[in-house]
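> Sequence and predicted structure are below.
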Amino acid sequence: MNRHAILAIYRFEMSRTWRTLLQSIVSPVISTSLYFVVFGAAIGSRMARVDGVSYGAFIVPGLVMLSLLTQSIANASFGIYFPKFVGTIYEILSAPVSALEIVLGYVGAAASKSIILGLIILVTARLFVPFGVAHPVWMLGFLVLTAVTFSLFGFIIGIWADSFEKLNLVPLLVVTPLTFLGGSFYSIGMLPPFWRSVTLFNPVVYLVSGFRWSFFGVSDIGPGVSLGMTVMFLTVCLAIVFWIFKTGYRLKR
Amino acid sequence: MAGGTAAISIEGVTKVYPNGLVALQHVNLDIRAGEIFALLGPNGAGKTTLISIVCGIVNATSGRVLADGHDTVADYRAARRKIGLVPQELSTDAFETVWATVSFSRGLFGRRADPAHIEHVLRELSLWDKRHSKIITLSGGMKRRVMIAKALSHEPRILFLDEPTAGVDVELRRDMWDMMRRLRESGVTIVLTTHYIDEAEQMADRVGVIDRGRLIVVEEKAALMQKLGKTQLLVTLQHALPDVPDSLSPWRLELAAGGTELLYTYDGQAESNGISSLLRQLDLLGVEVKNLQTRQSSLEDIFVDLVHGRP
Ligand SMILES: Nc1ncnc2c1ncn2[C@@H]1O[C@H](COP(=O)(O)OP(=O)(O)OP(=O)(O)O)[C@@H](O)[C@H]1O
Ligand SMILES: [Mg+2]
């Protein structure tokens, strides 16, 4: 194991975060605050309680997941796309590092960043609405697992993309709809039966549901199933990443 | 080279790009430990492709490469640790500082942080004063040196320099040559590509010429210049001659400059070159000589002959 290389990549990526602190941390915090002002305070005050939880508190886990997902994908895809774009990828390719080490460095950094971000958003949310965390260990578990899974997913997008347009395409066309339709702002129990079944094909539903359970102890889908689905998605992403490195897909000519 | 003493051993390497372009055709080449090897060839000959295959950036279609005896694919860790690469394209992390980017490279190659070594490298390349500068604020020549510093950060035993002096001013070029010599003295093997043939003539122990994906010559530089090089004597005459007198035919002279110059091409290494007898004969004929000049064909002449003389 080339520990020095993993650390070098990790530190390099994290230093990019500190350098771009404003985009990395501040803007998601501001947009989350806006969600709370609109959905939590303005609309939420007129909404009924969902599963015995006030609407303002109900949307907290979903909002955190929303940021976690988009930020993990954005961070990881940009992290690996950028060296390809400017050509500095030559150094990674010519270094004595394995695929696993590259992934640990890049995905580790992207995931760390979004975990920090998720926690900051939680704290921000707490300023707007009171809520507690029923199962903190599960909560952290879901946070980490989701961050890692979607950072891996972002890493794959970053390798696949050969233009900035493509880099934004998947998050825009796939991830945003999935998160909005993933029960961030409502309980899937509120949907008509047909749409409820359709929703079950959306992986985000499982993430949000499991995450919400760790806060309030109630959810649409049991935490075991949520965990299982998340791990499954993680495994798929891992398999794709290892296929990429094995074949040199879009990395080597 | 037999006995596994080659720093780099390229065995039957062929590269066909996905678009069908054959960039390298069955290239065999051994780079000896401790030498400076210059790889010459016109644009698109395949130099960068060959280097990229050795360094792991491009996959070979067939054949294999050993670096210090380690297969660059099967045993890539051991192989790559020995190699430093300065690619042809200038690509650096614009917003990082010089110090950060060079330290990053060392870590990436699996070496423990060593500020003293990084300082040594930066001083060697006259970058020490710029260590806290962001790379984007540096000039092109400085960026080139940053890339060299990155390649040297992990103390490689074999250094690939793909056109290191392209777009570099005369003074910096001389600095780089000095640096290469010092590296060689410390035992580093250097493979360099260049379009400045005088650079190869100055620096290289051996020269390889690659053309359209084929390695057409690999030779000691001195031997190459001896074997293929020509020496010429230019005799400027006081009065023009209408044509070469018959009695001068053994020297196979060429008449130039409207009859006022005689050009004699001879083997510079031969025991007797026939110059004194030629001069005696001219004197006998009453041809008045105004000036004498000799000139050796350069590596450049040889290179042009080699590449353009091929079908
Ligand atoms: N990624 C690629 N896909 C397809 N063809 C390529 C690719 N990279 C290089 N080539 C082709 O392979 C051939 C060799 O290119 P290479 O870059 O190795 O040449 P070179 O000798 O380094 O030239 P130069 O002196 O211009 O740097 C060229 O014909 C080039 O067009
Ligand atoms: Mg080239």
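Great, that's in hand. Ligands and ions are numbered 1, 2, ... in the order given.
> where does residue 235 land on pLDDT?
You didn't say which chain, so I picked chain A. pLDDT recorded at residue A:235 is 94.
> was after chain B, sorry
91.
> Domain parsing of chain B, as residue ranges.
Structural domains assigned to chain B are B:1-82+B:156-166+B:180-228, B:91-154, B:230-308, following automatic domain parsing.
> touching chain A at all, the first one?
What it means is domain B:1-82+B:156-166+B:180-228. Yes. Looking at domain B:1-82+B:156-166+B:180-228 against chain A by CB under 8 Å from any CB of the partner chain, the contacts come from B:17-18, B:52, B:55-59, B:76-81. From N, CA and C alone the C-beta is placed, and that goes for glycine too.
> Buried among those residues? Need that as a selection in PyMOL.
Here is the PyMOL command that picks out the buried ones among those, judged by 16 or more other CB atoms under 10 Å in any protein chain shown:
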select buried, chain B and resi 52+55+56+57+58+76+79+80+81
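> Looking at the domains of chain B, spot the one closest to residue A:84.
Smallest distance to residue A:84 across these (CB to CB): 10.4 Å, for domain B:91-154.
> circling back to that earlier point, would you single out the least confident of the domains of chain B?
The minimum mean pLDDT among these belongs to domain B:230-308 (a mean of 85).
> what helix or strand does the residue in chain B positioned nearest to ligand 2 sit in?
For chain B, the residue closest to ligand 2 is residue B:48, as judged by CB to the ion, at 3.1 Å. Secondary structure assigned from DSSP states H and E places residue B:48 in helix B:47-55.
> Taking the centroid of the chain, which residue is nearest it?
All of this is about chain A. Chain A has residue A:69 as the residue nearest its centroid, 2.2 Å off, counting by CA atoms, centre = their mean.
> nope, chain B please
In chain B, the centroid-proximal residue (CA atoms, centre = their mean) is residue B:38; its distance is 2.8 Å.
> I'd assumed that one was in a strand, is it?
Yes. Under DSSP: H, G, I helix; E, B strand; the rest coil, residue B:38 sits within a strand.
> For it, give me its contacts.
Going by CB atoms under 8 Å, 6 or more residues apart in numbering or on different chains, residue B:38 touches B:192-194, B:199-200, B:203-204, B:206-208, B:221.
> on contacts alone, who are the packing partners of the helix or strand where residue A:209 lies?
If you go by DSSP H and E, residue A:209 is part of helix A:203-216. Secondary-structure packing of helix A:203-216 (3 or more CB pairs under 8 Å, 6 or more residues apart in numbering or on different chains; DSSP states H and E): helix A:55-86, helix A:136-160, helix A:176-180, helix A:223-247.
> ok, residues contacting stretch A:193-207?
Residues outside stretch A:193-207 that contact it (CB under 8 Å, 6+ apart): A:65, A:69, A:142, A:146, A:178-179, A:181-184, A:188-189, A:191, A:220-221, A:225-226, A:229-230, A:233.
> and what of stretch B:90-107?
For stretch B:90-107, contacts defined as CB under 8 Å, 6+ apart pick out A:4-5, A:7-8, A:11-12, A:15-16, A:19, A:86-88, A:90-91, B:113-115, B:117-118, B:121-122, B:127, B:130-136, B:138, B:140, B:143-144, B:146-147, B:149-151, B:153-154.
> Now that stretch: buried residues?
Residues of stretch B:90-107 classed as buried under the neighbour-count rule (16+ other CB under 10 Å) are B:91-93, B:96-107.
> Kindly report the same for stretch A:95-103.
By 16+ other CB under 10 Å, the buried positions in stretch A:95-103 come out as A:95-97, A:101-103.
> quick one on the thing from earlier: now check the helix holding residue B:48, is it near ligand 1?
Yes. Using CB under 6 Å from any ligand atom, helix B:47-55 reaches ligand 1 at B:47-49.
> Make a PyMOL selection of the buried ones in those.
Per 16+ other CB under 10 Å, the buried members of the residues of helix B:47-55 next to ligand 1 correspond to this PyMOL selection:
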select buried, chain B and resi 47+48+49
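> Get me the contact residues on the stretch 51-200 of chain B for ligand 1.
Within the stretch 51-200 of chain B, the positions lying close to ligand 1 (CB under 6 Å from any ligand atom) are residue B:88.
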